[in-house]
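A.B. asks: how would this look folded up:
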Amino acid sequence: MNIKYLAPLAAAALVAGWGGGESNASLHETPAAFVSQSNAATPAGGGDPKTVDMAALLKALGGAGANPSTGPVINVADYGAKGDGTTDDTAAIQKALNDASARQGTVVFPQGDFLTGALFVKSNTTLRIDEGVTLRAIQVDTSWPKVSEAYPQIQTRVQGIEMQSVAAIINIDHSENVTITGNGTIDGQGQSWWDHYYLVGRPQHDKDKVGWALNYDEQRPRTIESFESKNVTIKDVTLRNSPFWTVHLAYTDGAHVDGVKIRNLMNASGRMPSTDGVDIDSSRNVLVENADIQANDDALVIKSGRDGDGLRVHRPSENILIRNSLVTAGAAGFTIGSETSGGVRNVEVYNIDLKPMVAQYNSNIGYKAGGPTVFSGFIFKSAPTRGGTMEDVYVHNVNIEGAYYLLRAEQNWGSTNTIPDGYPAEKVPPFWSAIMEMPATSEAGIPHFRNFTFKNIKMASVESKVFDVSATAGSSYENFTFKNIDVNATSSKGATVSGGSIRNAQNWTFINSSVHDAQGNPVGVSLDAATTSGVTGLSGW
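C.D. replies: Prediction:
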C-alpha cells in the first residue's frame with residue numbers, strides 16, 4: 001500500500017475501526033473517539049480509557065511507504081539475478097535495490113526462488129515480492145566469533161542490548177519511506193541456526209555456565225528488521241522459518257505492518273527458539289493489523305530495552321495500535337516484555353482471535369503435544385533489574401478459544417549475568433559488558449505496571465489455570481480494570497481447572513466478569529493478602 005497517495009482512505013479506515021470493529025458479534029461495543037491522554041488512569045467505574053494519540057498515528061502513517069509511484073519498476077533479472085534456488089543472488093538484488101533508492105523506484109522479481117544473504121532496502125524504495133517469488137536465506141554459521149560475508153556485522157539491538165550483531169535477511173537501516181509488499185514469501189530457512197543453537201551453542205554455554213549469553217552469542221539473523229528508520233510499511237508478505245525474531249521494529253517512528261503471514265510453527269525437530277512474530281522495540285506510532293501468526297514464542301510483543309543498557313538508552317515504545325489479527329500458535333496473543341527498561345505507554349489492542357491448533361509436539365515455550373498451541377492469552381514479564389513503567393494499555397474484544405492461562409504476569413526473567421572465575425578472557429565477546437550492565441540503583445531496576453484495562457474478553461477453555469500473577473519486591477500491578485470478562489475454567493478434556501493466584505496487585509476492579517466451570521458455577525481465584533489489596537467485583541471471592 002502506498003499510504004501517501006491513499007492517505008484519505010487510510011484515515012477513513014483508522015477512524016472507522018478505531019472503536020473496535022468486531023470480528024465477533026457477541027463482543028460488540030459502541031465505537032468511541034480516542035484522543036491523546038498522557039498518563040491517563042483508567043476512569044472510575046470502568047469507563048473506556050483514552051490511550052493512543054490518533055492524530056499523531058495518522059500523521060506518522062501518512063508518510064509510511066510514501067515513495068512516489070512515478071518511480072521506475074526495476075527487475076532484478078536485469079541485474080543478473082537467476083532465481084534458480086542455487087545461485088547466490090545477493091549482489092544482483094542489492095544492485096537493484098541501490099538503483100531503486102536513487103530513482104525512488106520499485107524492485108520486482110520474475111517468478112522463482114532467489115537465494116540471498118542480507119539485503120539493505122534504502123530510503124524511498126519499494127521491495128515487491130509477488131506471488132510465485134520466494135527469497136530464501138543462505139544458511140551459514142553466524143555464531144560469534146565467526147564472520148559471515150552473507151550476514152555482515154551491523155550496529156543493532158538484540159534482546160534489548162545495543163551491540164554489533166549479524167544483519168537481518170531484509171534490513172531497513174537508518175532509512176525512511178520504505179515499503180516491503182507483495183503476496184510472495186521470505187523463507188528464513190532457519191533449521192541450521194536452530195540446530196546449532198540446541199546442538200552446539202546451548203551445550204557449550206551450559207558447560208561454561210554462561211547460558212545467559214546464548215541468544216547473543218548465537219547471532220541468528222532476524223527476517224526483517226527496521227532500525228532507526230521512519231515511515232515503514234510491511235504488507236501482505238508471508239514470512240516463514242525465521243532463524244530468530246521475524247519482524248523487528250527497533251527505534252522506528254511510523255510503521256504499518258498489514259496483512260503479514262508468519263509461519264514459525266514447531267516442527268518434528270523440536271527446535272525453533274525465539275522465533276517471535278512481530279516485535280515492537282522502543283518504537284512509536286506503530287499500527288499492526290490483519291496479521292496471521294504462528295510463532296514459537298511471543299506472537300505480538302512490545303519491548304523497550306534490557307537492564308542497565310536499556311535504562312541508559314531510555315527509549316519507550318509508545319502510541320501503538322494492534323488490531324484485527326489472528327494468532328494460532330505462540331507463547332501468547334499479546335505480550336509486554338521481558339525487555340521493559342524504556343517503558344511502554346499508550347497502547348490499544350483489539351479484535352484479536354486466538355484460535356490454537358492441537359499441538360503435535362512439545363514446545364519449549366510451554367505448550368504440550370495434544371494441547372493448544374497457545375500458552376497464554378496475555379503475558380506481561382520483566383525482572384527486578386529491568387525497570388521501566390508500563391502504563392495506559394487498553395485491550396478489548398479478544399476471543400480465546402483455548403490456552404493454558406488467561407493472564408501470566410511475572411518478573412522472574414532474571415539477569416544473573418556473571419562470568420565464572422577462570423573463564424578465558426579470549427572467549428569473552430566485546431558485547432558481554434553491555435549485557436552485564438546493571439541499573440545504577442536497585443530502585444531503578446524495579447518495573448511498574450499500571451493503568452491497564454481489559455474489556456470484552458472471552459475464553460472458552462483453560463488447560464492449567466486462569467491467573468498466574470506475581471511481581472518482584474517493591475513492584476506491583478496497579479489500577480487494572482476487567483470489564484465483561486467471561487472465562488470458562490474448563491480444560492479441553494472437560495476438567496475444571498484452578499482459577500489460579502494473584503499476588504502484588506493493587507486496585508483491581510472486575511465489572512460484569514466471571515470465572516466459572518462448565519456449568520456456570522464460580523471458580524475461585526486465590527489472592528495473596530500480604531501483597532494484594534483493593535481487588536473487587538469477581539464472583540466467588
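A.B. asks: C-alpha coordinates for the host helix or strand of Asn451, CSV please?
C.D. replies: Taking DSSP states H and E as the definition, Asn451 sits inside strand 448-459. Extracted C-alpha coordinates of strand 448-459, given in CSV (Å, rounded to 0.1, in the frame of the first residue of the first chain):
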residue,chain,number,x,y,z
HIS,A,448,6.0,-0.9,37.3
PHE,A,449,2.7,-1.9,35.5
ARG,A,450,-0.3,0.5,35.9
ASN,A,451,-3.5,1.6,34.3
PHE,A,452,-4.4,-1.5,32.2
THR,A,453,-8.0,-2.1,31.0
PHE,A,454,-9.3,-5.4,29.7
LYS,A,455,-12.8,-5.3,28.2
ASN,A,456,-14.9,-7.9,26.3
ILE,A,457,-12.6,-10.9,26.7
LYS,A,458,-14.0,-14.4,26.2
MET,A,459,-12.0,-17.5,26.9
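A.B. asks: Could you please name the strands the helix or strand following it pairs with and the direction of each pair?
C.D. replies: Counting by DSSP H and E, the next helix or strand C-terminal to strand 448-459 is strand 465-469. Paired neighbours of strand 465-469 in the sheet (DSSP bridges): strand 405-410 (parallel), strand 498-502 (parallel).
A.B. asks: Pick the most buried one from the ones you listed.
C.D. replies: strand 405-410 (a mean of 25; mean count of other CB atoms under 10 Å). Every residue, glycine included, has its C-beta placed from N, CA and C.
A.B. asks: still on that earlier bit, so what strands line up beside the strand holding Asn451?
C.D. replies: Strand 448-459 is paired, per DSSP bridges, with strand 389-400 (parallel), strand 477-488 (parallel).
A.B. asks: Put together CSV for the ones you listed, with mean pLDDT and mean neighbour count on each row.
C.D. replies: Shown next, in CSV, are the strands paired with strand 448-459 (pLDDT from 0 to 100; neighbours: other CB atoms under 10 Å):
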stretch, mean pLDDT, mean neighbour count
strand 389-400, 98, 24
strand 477-488, 98, 22
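A.B. asks: what mean pLDDT does stretch 357-376 have?
C.D. replies: Here stretch 357-376 scores 90 as its mean pLDDT.
A.B. asks: Can you get me the start-to-end distance on it?
C.D. replies: Its start and end residues considered, stretch 357-376 measures 14 Å (CA to CA, to the nearest Å).
A.B. asks: Please apply the same query to stretch 409-427.
C.D. replies: Where stretch 409-427 begins and where it ends lie 36 Å apart, using CA to CA.
A.B. asks: which one's the longest helix in this protein?
C.D. replies: The helix spanning the most residues in the chain, taking DSSP state H as the definition, is helix 90-103.
A.B. asks: Against which helices or strands is that helix packed?
C.D. replies: With contacts taken as 3 or more CB pairs under 8 Å, 6 or more residues apart in numbering; DSSP states H and E, helix 90-103 sits against strand 73-75, strand 106-108, strand 112-116, strand 119-120, strand 125-128.
A.B. asks: looking at the protein, which residue ends up farthest from its center?
C.D. replies: Gly422 (37.6 Å; CA atoms, centre = their mean).
A.B. asks: Cross-check the contact I'm expecting between Ala250 and Arg157.
C.D. replies: Yes - at 5.0 Å, Ala250 and Arg157 qualify as touching, with contact defined as CB atoms under 8 Å.
A.B. asks: ok, how many other residues are close to Thr532?
C.D. replies: 20 (other CB atoms under 10 Å).
A.B. asks: Just give the nearest non-adjacent residue to it, would you?
C.D. replies: Distances taken as CB to CB, 6 or more residues apart in numbering place Ala505 nearest to Thr532, at 4.6 Å, with adjacent residues excluded.
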